[in-house]
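J.: Dropping the sequence and predicted coords here.
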Amino acid sequence: MAIWVVADKCTGCGLCAKACPYGAMLVEDKLARLGPRCTQCGACLGACKFEALLSDLTQEPAPDLAGYQGVWVFCEVQQGALARVSLELLGRGAVLAEQLGQTLAAVLLGHQVENLVPELAAQGAGRVYLAQDPGLADYSTLAYTRVLAELVSSHKPSVLLVGATPLGRDLAPRLSRRLDLGLTADCTELAIDPQDGSLLQTRPAFGGNVMATIVTPRARPQMATVRPGVMPLGPRREGAACEVLRQVVALEPGDLLPRLLASQARGQKPADLTAARVIVAGGRGCGGPRGFELLARLAQALGGEVGGTRVAVEEGWLPAPRQIGQTGVSVRPELYIACGISGAIQHRAGCLGARYIVAINRDRRAPIFSVADYALAGDLFKVVPALLAALPGGA
Amino acid sequence: MALRSDPEKLLRQVMARFVREEVAPVARQVDESGHFPRELFHKLARMHAFGLRYPVKNGGAGGNATLYCIMCEELAQGLMSLAAIAAKQCLMATNFLHRFGDQEMRERYFLPALRGELVGSFCLTEPEAGGDLGRVSTTAVRDGQDWLVSGMKTWITNAPVADFFTVLCQTDADKSIRGLNFFFVPRDTPGVSVSPGFHTLGTRSTEISEVAFSDCRIPGRYMLGQEGKGLGALLAILAEIRAMTAALALGLAKAAYQAGFQYARERSAFGKTINHYQLIQAKIANLATEIWAAELMLYDTTRKIDAGQRPSKESMMVKYYATEVACRAADEATRILGAYGYSMEYPVQRYFRDARFLLYGGGTHEVLQTNIARELGF
Amino acid sequence: MAREAGSFLGVAVLVKQVPDSAEIKMDPQTGTLLREGVPAVMNPDDRLGLETALLLKDGLDASVTALSMGPPQALDVLSEALAMGADRGVLLSDRNFAGADTWATSYTLGRALERLGQQESLDLVVCGRQASDGDTAQIGPQVAEHLGWPQVTYVERLAVEECELRAWRRLPGLVQEVLCPLPAVVTVLASPVAPRWPLLDRLLMACRSEAPLEVWDAADIAAPAASTGLKGSLTRVVRTFSPKSGRVTSWLEGSAGEQAQALINELRNHKLI
């Protein structure tokens, strides 16, 4: 792309120099010339009265995207097992692949991870790209980026999904920049545009106040990350077969960066709320630790976990990993019981994936009721004990 | 002109965040403790807050009266006693030292006070002399090269924790107010005794007490300013002291207003939140109007001070008006909150108590109103 | 180019101006966020990054430059950075930078960092983990890739040793200690001590014309218009809408006991218990 001056037509009038926001257009000896400060923004083009400025700026070359085929899921390995979010993405990816009439492929990087292939097949992967190397045993940004970039460049998928785990959030942006791809973070919905087959990536914007649907018009693959717990698992196909494509890995010493020296467990392993079937959550209305003791008894009686709002965590009633919402975790249990939670948008965003939502709150106008399947207007310190009394094993 | 930030906006933003993150979480606890908030005092010192209005070459931040009042206003939104303590350290406690102290006093007292290592105090009021300075009976008498200071001062903010005092004394009773001079008296001077702190209704963590001086011997150079010019030296900062008091009042008024505003939108009665009731709307509308007026008056006054004027009348008017607004705002906020305004768990009761502190600090309103009328030539 | 041990350490910190989330209030009637009049402040994670960088100055001959991209008023976060102790502030501001997605943002920041590196040595770029108004956490790794430097994310503490960086990464349930050669990019989610408060004397100094603050436009960093802002973005927003729940709410009325029993019946019907 460029802008150039037609010397025969230029009168050196200087209109273009006035229009240039950067002072990049120089007029010398009655002739305009582009200086080094030009950013090719095109502001000068409309200013010329003598058709002396030409440009190819408008001719954005339409990229050839037809050659990109297949829906890929980057599958993360955590302590020898597949991360749950990867399985969730396979579930969603299978639906997308079917709509596109393309193959769902899992990308598996690691060392001695071949034993995980059958599970990938059972979760819907028709193909597995397998890259194994001792250098991939522990995650390192540059090694994983190199291998994944090579895979993408040679096989040209149309969609690449990555779980928004700490690893995924380290890897995905690095890869997107290396291959000059767009990347949409923390999608809550993924769909295929029936018109042109592009990936519609929907995520909360402005603190969850609005949802924005985003597309990647001129780069492939279309990359998106999805937080754990947002997508449902797909149906299991026990014993399903899949094609395995082995990638030759040739790492260089400089790829193993940063170098892991030591790893130390700290704090209790955070409860995995994203996998819980039942969650009993509390907010400001719980009033304190006493309220949360009550919720813990209800959670125990229902075989579930306890979660809560940002306020509950900030008040110290609940450890941080149990915070549900925009700044905490997103959950999708079968049953979500919100106790004393008014239902700020930031919190609602984290629990909307639940199959059934029950809300117990004193204030009938609390926004939480607008997303609840069952609304109980009342004092949680009366309703929850009544529930416990009526539940088997609750008393 | 290069693109630059607005210092007033930036300072307000930083102090508001300081109040939100450092002051608000401990405000109740500090207030109930009844003790000087030493930790918060040091945090402010580490931000170089106490030198805000002094020139950079003298160890200050190069601010002015407007910036100083912005800081006081923001601090007062969090905790009045802290705001009052900081306001005093910035101005009355250190100002005479700054203007008239010699190199030794600067190194030994002034700069450590800006660093928060020493607490200063300002002794004006006496048991028998408040607004009428002609009745000051604390005396300083020459004794060779030295001065001997004797007398009793009361309602002295920070006195129980002070390391030094700036004391208004009479050196020649015949000259009445023209015999008034300021003296620097370190706390460890023999003859200084400080009474236990008073029990007060509000600003409970501002320690206030009496200070008695009994033949306190200080060197001649501890007279702050030229002999006979004490009143003039006080008048030079009096408008700023009153503007500062108005800033404290404005901060408290805003905090009380916010509490009422917030609560009225959350609290329901008879099927709707109470902000839908006209009697509540009237309170909010009146307060917002008065707060705006007080703010305009305040910063108009400080800009005059910063322009080198001495807006005596304006400073009295805004001190008087802003304090009345603060008292009304605190009163109305407690009414909007109903019984919660009466509970010690909510800060609104503290606003109500603390507002009373402003009624006499910087001159009682009865005296101010008289003086305003006099300045109007009435 | 590798850094020589013991020599000057050039550090850049990326800071962003975001709406103050503590000041965002919700309309209790409609549940929508009230964004009017919300002050713009320094992104909290970036404040941690700045503190982390400023701590390095205590033990090393280091200089800290705060770099931001945004409209002219974003200069305020750089003034605050100077007040906290940064040596210099650079604002990237140009109409062509508006509407950038993370690709175009990281390109623009990357070009500016390259220019900084030409002016004085640049060995380390510190970013906050993510911006509170976008939560994407992409800029750090993307800038690292632009520069071709290694990256260390989720850092809670770091130390510069000779020509290397030792960092402690905080991940769910564990802490990793890693080593990485300089130059490098780190993203931090905590600082060893709470971020320092701005000094008021430096704050007022930062507002004067002689303050070490600069504003760079697209031409200053030789960034072509096609690679910045909306034009340079690879993603496009095609639709925005309000989140809808689509649930039908059933109110369970009566005494607490009756409500409890009604709920248990419903849960049984759905085989939830």
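T.: Looks like it came in fine. Numbers count the residues shown, from 1 in each chain, chains lettered A, B, ... in the order given.
J.: When you work out contacts or count neighbours from here on, use the C-alpha atoms and nothing else.
T.: OK.
J.: can stretch A:215-223 be found next to chain C?
T.: Yes - legend: contact between stretch A:215-223 and chain C by CA under 8 Å from any CA of the partner chain is shown at A:215-219.
J.: Show me what that stretch is in contact with.
T.: Around stretch A:215-223, the neighbours that count as contacts under CA atoms under 8 Å, 6 or more residues apart in numbering or on different chains are A:62-63, A:65, A:68, A:152, A:156-162, A:176, A:180-184, A:198-201, C:234-238.
J.: Stretch A:26-44 now?
T.: The set of residues external to stretch A:26-44 that reach it, using CA under 8 Å, 6+ apart, is A:1-5, A:7, A:10-14, A:16-17, A:19-25, A:53, A:57, C:96, C:218-220, C:222-226.
J.: If any of the residues you listed are buried, put those into a PyMOL selection.
T.: The buried residues among the contacts of stretch A:26-44 can be selected in PyMOL (16 or more other CA atoms under 10 Å in any protein chain shown) with this line:
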select buried, (chain A and resi 3+5+10+11+12+14+16+17+19+20+21+22+23+24+25+53) or (chain C and resi 96+218+219+220+222+223+224+225+226)
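J.: what bits of the chain have low per-residue confidence?
T.: All of this is about chain A. Flagging of chain A using pLDDT under 70 yields the residue ranges A:1, A:57-62, A:206-209, A:267-270, A:393-395.
J.: Chain C is the one I meant
T.: Chain C contains residues with pLDDT under 70 at C:1-6, C:21-36, C:243-246.
J.: Quick one: residues contacting the closest residue to chain B within it.
T.: Scanning chain C for proximity to chain B using CA to the nearest CA identifies residue C:201 as nearest, at 3.8 Å. Contacts of residue C:201 were listed using CA under 8 Å, 6+ apart, and they are B:48, B:52, B:56, B:60-62, C:83.
J.: With secondary structure and neighbour count added, can I get the residues you listed in JSON lines?
T.: Shown next, in JSON lines, are the contacts of residue C:201 (DSSP: H, G, I helix; E, B strand; the rest coil; neighbours: other CA atoms under 10 Å in any protein chain shown):
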{"residue": "B:48", "secondary structure": "coil", "neighbour count": "22"}
{"residue": "B:52", "secondary structure": "coil", "neighbour count": "26"}
{"residue": "B:56", "secondary structure": "helix", "neighbour count": "14"}
{"residue": "B:60", "secondary structure": "coil", "neighbour count": "20"}
{"residue": "B:61", "secondary structure": "coil", "neighbour count": "23"}
{"residue": "B:62", "secondary structure": "coil", "neighbour count": "19"}
{"residue": "C:83", "secondary structure": "helix", "neighbour count": "23"}
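J.: Let me know whether the helix or strand hosting residue B:239 sits next to chain C.
T.: Per DSSP states H and E, residue B:239 falls inside helix B:230-266. Yes - when contact is scored as CA under 8 Å from any CA, part of helix B:230-266 falls within range of chain C: B:265-266.
J.: can you check stretch B:50-66 too?
T.: Yes - remark: stretch B:50-66 sits within contact range of chain C at B:52, B:56, B:60-63, by CA under 8 Å from any CA.
J.: buried stuff in that stretch?
T.: Buried positions in stretch B:50-66, judged by neighbour count with 16+ other CA under 10 Å: B:50-54, B:59-66.
J.: where along the stretch 51-200 of chain C do the strands fall?
T.: Taking DSSP state E, counting those that start in this stretch as the criterion, the stretch 51-200 of chain C contains strands spanning C:62-69, C:88-92, C:124-128, C:151-161, C:164-171, C:174-181, C:184-188.
J.: between the fourth one and strand C:184-188, how big is the angle?
T.: What that stands for is strand C:151-161. With axes from the mean of the first three to the mean of the last three CA atoms, to 10 degrees as the criterion, the two stretches strand C:151-161 and strand C:184-188 enclose an angle of 100 degrees.
J.: Run through who's touching strand C:151-161.
T.: Around strand C:151-161, the neighbours that count as contacts under CA under 8 Å, 6+ apart are A:141, A:166, A:170, A:257-258, C:52, C:56, C:129, C:140-141, C:144, C:165-171, C:180, C:184-192.
J.: Leaving out the residues flanking it, which one is nearest to residue B:365?
T.: Closest residue in space to residue B:365, ignoring its immediate chain neighbours: residue B:320 at 6.0 Å, by CA to CA, 6 or more residues apart in numbering or on different chains.
J.: OK, contacts around that neighbour?
T.: B:246, B:365, B:368-369.
J.: Can I get these in TSV including secondary structure?
T.: Formatted as TSV, those follow (DSSP: H, G, I helix; E, B strand; the rest coil):
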residue	secondary structure
B:246	helix
B:365	helix
B:368	helix
B:369	helix
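J.: Which other helices and strands does the helix ranked longest in chain C contact?
T.: Ranked by residue count and defined by DSSP state H, the top helix of chain C is helix C:102-119. Packing contacts for helix C:102-119, counted by 3 or more CA pairs under 8 Å, 6 or more residues apart in numbering or on different chains; DSSP states H and E, involve helix C:139-147, helix C:229-232.
J.: Show me the one of these that comes nearest chain A.
T.: Among the helices and strands packed on helix C:102-119, helix C:139-147 comes nearest to chain A, with 5.0 Å by CA to the nearest CA.
J.: Output that closest one in CSV, but only the C-alpha positions, please.
T.: Below are the C-alpha coordinates for helix C:139-147, written out as CSV (Å, rounded to 0.1, in the frame of the first residue of the first chain):
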residue,chain,number,x,y,z
ILE,C,139,-1.5,-7.3,25.4
GLY,C,140,1.5,-8.6,27.4
PRO,C,141,2.0,-11.8,25.4
GLN,C,142,1.3,-10.0,22.1
VAL,C,143,3.8,-7.2,22.8
ALA,C,144,6.3,-9.9,23.8
GLU,C,145,5.8,-11.6,20.4
HIS,C,146,6.0,-8.3,18.6
LEU,C,147,9.4,-7.7,20.2
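J.: Show me what it is in contact with.
T.: Under the criterion CA under 8 Å, 6+ apart, residues A:170-171, A:173-174, A:176-178, C:102-103, C:105-107, C:109-110, C:114, C:127-130, C:150-151, C:153, C:184-187 lie in contact with helix C:139-147.
J.: Buried residues, that helix. List them.
T.: For helix C:139-147, using 16+ other CA under 10 Å, the buried residues are C:139-147.
J.: And stretch B:191-200, by the same measure?
T.: The neighbour-count criterion (16+ other CA under 10 Å) identifies B:191-194, B:197 as the buried residues of stretch B:191-200.
J.: What is the burial count for residue 136?
T.: Reading this off chain A. Other residues lying near residue A:136 total 19 when counted by other CA atoms under 10 Å in any protein chain shown.
J.: look at chain C instead
T.: When neighbours are counted by other CA under 10 Å, residue C:136 comes out with 19.
J.: do residue A:254 as well
T.: Residues contacting residue A:254 under the criterion other CA under 10 Å number 12.
J.: That one: what's it in contact with?
T.: The neighbours of residue A:254, taking CA under 8 Å, 6+ apart as the test, are residue A:142.
J.: can I assume it sits in a helix?
T.: Yes - counting by three-state DSSP, residue A:254 is located in a helix.
J.: Please determine how far it is located from residue A:142.
T.: 8 Å (CA to CA, to the nearest Å).
J.: again, but for residue C:67
T.: Plainly put, residue C:67 is 25 Å away from residue A:142 if you go by CA to CA.
J.: still on that earlier bit, got a PyMOL select line for the buried ones in the contacts of stretch A:215-223?
T.: Taking 16+ other CA under 10 Å as the burial criterion, the selection of buried members of the contacts of stretch A:215-223 in PyMOL is written as:
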select buried, (chain A and resi 68+152+156+157+158+159+160+161+162+176+180+181+182+183+184+198+199+200+201) or (chain C and resi 234+235+236)
